[in-house]
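1. Next input, structure requested:
(chains A and B)
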Amino acid sequence: GDSVTQTEGQVALSEEDFLTIHCNYSASGYPTLFWYVQYPGEGPQLLFRASRDKEKGSSRGFEATYDKGTTSFHLRKASVQESDSAVYYCALRPFPSSFSKLVFGQGTSLSVVP
Amino acid sequence: GPKVLQIPSHQIIDMGQMVTLNCDPVSNHLYFYWYKQILGQQMEFLVNFYNGKVMEKSKLFKDQFSVERPDGSYFTLKIQPTALEDSAVYFCASSTTHSQNTLYFGAGTRLSVL
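-> Predicted structure coming up:
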């Protein structure tokens, strides 16, 4: 079945460090890929999505590029801030899909210290 | 942004009892979802619901589970009877339409079955 793998369970950085969270997926065709962010006490919220090979999604300084060749959608940010501390989820929606059933990765907990 | 509210945030019950988890979706949304996250694991799709009917469900949606949204009130997940393996965080989500639309998640209800 379809699956999403996030390599890092926890990441600890200092402010202004560069962030990479790895996401690889397994699915047929062209799934839609997502990054969600969950702040403490809140539900996951959409950061951005991408639907086609080589498409870049971005928001709030975060970005990821859909790479069908390596089946990856790695999250990057050039300079993290303490306010970026949260759990980040990579997810996919299979295509074709009649309904919004998402397949999530395990999540990566990011901690940024001043 | 739009908010999905889940009540209560934490529920503790004895194995074999019935429990109802409540979700107040975004007001103009038509599609509703439940996801389950066992501690340390990824969020997994349980069920989606539209126009009074279950449209799609996963293998995790056991016979003891049921969902409804009577008269446009709360969207509920009922488990009767509960089992120890039902202990998890349950996330409710809603969207305006299906397929390409963004899911908005609540903050989750942590269910502890003793």
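2. Ignoring the adjacent residues along the chain, who's closest to residue 20?
-> Using chain A here. In this structure, A:Thr20 finds its nearest non-sequential neighbour in A:Arg76, 5.3 Å apart by Cβ to Cβ, 6 or more residues apart in numbering or on different chains. All C-beta atoms are positioned from the backbone trio N, CA, C, and that covers glycine.
3. I was after chain B.
-> Spatial nearest neighbour of B:Thr20, excluding adjacent residues (Cβ to Cβ, 6+ apart): B:Lys78 at 4.9 Å.
4. for A:Tyr89, same thing?
-> Closest residue to A:Tyr89 in three dimensions, ignoring its sequence neighbours and counting by Cβ to Cβ, 6+ apart: A:Tyr36, at 4.3 Å.
5. Could you report the neighbour count for the one you found?
-> Each residue near A:Tyr36 was counted by other Cβ atoms under 10 Å in any protein chain shown, and the total is 24.
6. can you check B:Tyr33 too?
-> Under the neighbour criterion other Cβ under 10 Å, B:Tyr33 is assigned a count of 30.
7. Ok, the one 10 residues further on next?
-> For B:Met43, the neighbour count with other Cβ under 10 Å is 27.
8. picking that back up, tell me what the residue nearest to A:Thr20 is bridged to.
-> Bridge pairing for A:Arg76 (DSSP bridges) gives the partners A:Thr20, A:Glu63.
9. swap in B:Glu44?
-> B:Lys36.
10. so how far is whatever helix or strand the residue nearest to B:Thr20 lives in off the chain centroid?
-> According to DSSP states H and E, B:Lys78 maps onto strand B:75-79. Averaging C-alpha positions (Cα atoms, centre = their mean, to the nearest Å) puts strand B:75-79 6 Å from its chain's average.
11. right, and the helix or strand after it?
-> Heading C-terminal from strand B:75-79, the first helix or strand you meet, by DSSP H and E, is strand B:88-95.
12. ok so, going back, list the contacts for the residue nearest to B:Thr20?
-> Contact partners of B:Lys78, counting by Cβ atoms under 8 Å, 6 or more residues apart in numbering or on different chains, are B:18-21, B:65-68.
13. what do you get for A:Phe73?
-> Neighbouring residues of A:Phe73 by Cβ under 8 Å, 6+ apart: A:23-25, A:33, A:35, A:50, A:64-67, A:90.
14. same question, A:Asp2
-> Counting by Cβ under 8 Å, 6+ apart, the residues that A:Asp2 touches are A:25-28, A:31, A:92, A:94, A:103.
15. Turn those residues into CSV, including pLDDT, neighbour count and distance to A:Glu8.
-> Formatted as CSV, the entries for those read as follows, by pLDDT from 0 to 100; neighbours: other Cβ atoms under 10 Å in any protein chain shown; distance: Cβ to Cβ, whole Å:
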residue, pLDDT, neighbour count, distance to A:Glu8
A:Tyr25, 97, 20, 15
A:Ser26, 96, 13, 18
A:Ala27, 93, 18, 21
A:Ser28, 87, 8, 26
A:Pro31, 92, 25, 21
A:Leu92, 94, 25, 18
A:Pro94, 87, 17, 24
A:Val103, 93, 22, 18
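16. Would you confirm that B:Asp71 belongs to a helix?
-> Yes. Secondary structure of B:Asp71, determined by DSSP: H, G, I helix; E, B strand; the rest coil: located in a helix.
17. just the CA coordinates of the helix or strand where the residue nearest to A:Tyr89 lies, formatted as CSV?
-> Applying DSSP H and E as the criterion places A:Tyr36 in strand A:32-38. Below are the C-alpha coordinates for strand A:32-38, written out as CSV (Å, rounded to 0.1, in the frame of the first residue of the first chain):
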residue,chain,number,x,y,z
THR,A,32,-0.4,14.9,-4.2
LEU,A,33,2.2,15.6,-1.5
PHE,A,34,1.8,17.7,1.6
TRP,A,35,3.6,19.2,4.5
TYR,A,36,1.5,19.8,7.6
VAL,A,37,2.7,21.6,10.8
GLN,A,38,1.3,21.0,14.3
